[in-house]
Structure formats: structure tokens, C-alpha cells
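no sequence on hand, only this structure:
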């Protein structure tokens, strides 16, 4: 009978150890599941961090849907340029400042050729130019 009690004691002790391990594993899995569910929720309720200043030589805006390049803000020397791209990644609209300080706005066709140019000159005139597929100005309004 003493042997039966010893065997029974060993089995109960092993069972208690096994049960303790299962408790630890279960609590760990429960915490992991809760963390995976709660983490995205916390991101939604936390305020977005806004900085007062951000410095770079070029900024690229990517599409949130597929990550393609949709806009750029960069400088040519000290002159700023903003470029917008179509679905194929071709530049279609550009706004820049010329060396004389005058702004220009360009619109390009699907082949990347400038077809419409708007601007203001330092002399106060504001030319509008319509350009054909060969690059010739067909209409000019000042």
C-alpha cells in the first residue's frame, strides 16, 4: 500500500506540474491575442504626432493604395519644384519658380510633352501658352 501511495503522489505531482505549465501557456496565449487585438485600437485613439518643422532635400508622396509615386516636392539648386504624376508614374503637372523669381505652371500630355504653360513674368505680364505635340506654341495670350 505504501508503494501505491508513492505512485499516486508522483502522479499527482506530475499532474500539478503539467497543469501549472498549461496555465502559463494559456495565459501567454491569451495575452498575445489581447495584444494583437488591442494594439491597432490604441493606434486609432492615440493622437497623431505633428512636428513644427521637417527638413529634407526632397519629399515624395506615395499612394496609400499601392505605394506608387504620385507627387514630389524638390529643389533645382535653390528653386522649388512641385511635380504631380499620373497612374503610370509620368510627370503630368509641374509648378516651379524660375531663376528670375517668376512662377510657372506646366501641364503635360500622356507622353510627357508640355502642352500648356502658364506663368507670370517679372515684367508683370502673365503669358498663357498652348503647345502642340511637336513642341510649337500654337496660341499665346499675354
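Ah, there it is. Everything quoted here is computed from the prediction, not taken from an experiment. Numbering: from 1, shown residues only.

what's near enough to touch residue 94?
Applying CB atoms under 8 Å, 6 or more residues apart in numbering, we find residue 94 in contact with 81, 82, 83, 84, 105, 106, 108. Where you see a C-beta, it was placed from the backbone N, CA and C, and this is true even at glycine.

same question for residue 129.
Listed by CB under 8 Å, 6+ apart, the contact set of residue 129 reads 116, 117, 118, 137, 139, 140.

show me what the nearest residue to it once chain neighbours are set aside bridges to in the sheet.
Closest residue in space to residue 129, ignoring its immediate chain neighbours: residue 117 at 4.4 Å, by CB to CB, 6 or more residues apart in numbering. Per DSSP bridges, the residues bridged to residue 117 are residue 106, residue 129.

so residue 117 makes contact with residue 105?
Yes - Residue 117 is within contact range of residue 105, at 7.4 Å (criterion: CB atoms under 8 Å).

quick one: contacts for the residue nearest to residue 129?
104, 105, 106, 107, 127, 128, 129, 131.

what's the pLDDT at the fourth one?
Same thing as residue 107. Note for residue 107: predicted pLDDT of 93.

nearest residue to it other than its sequence neighbours?
The spatially closest residue to residue 107, leaving aside those adjacent along the chain, is residue 116, at 4.2 Å (CB to CB, 6+ apart).

that neighbour touches residue 130, doesn't it?
Yes - between residue 116 and residue 130 there is a contact under CB under 8 Å: 5.9 Å.

what about residue 131, how many residues nearby?
Each residue near residue 131 was counted by other CB atoms under 10 Å, and the total is 20.
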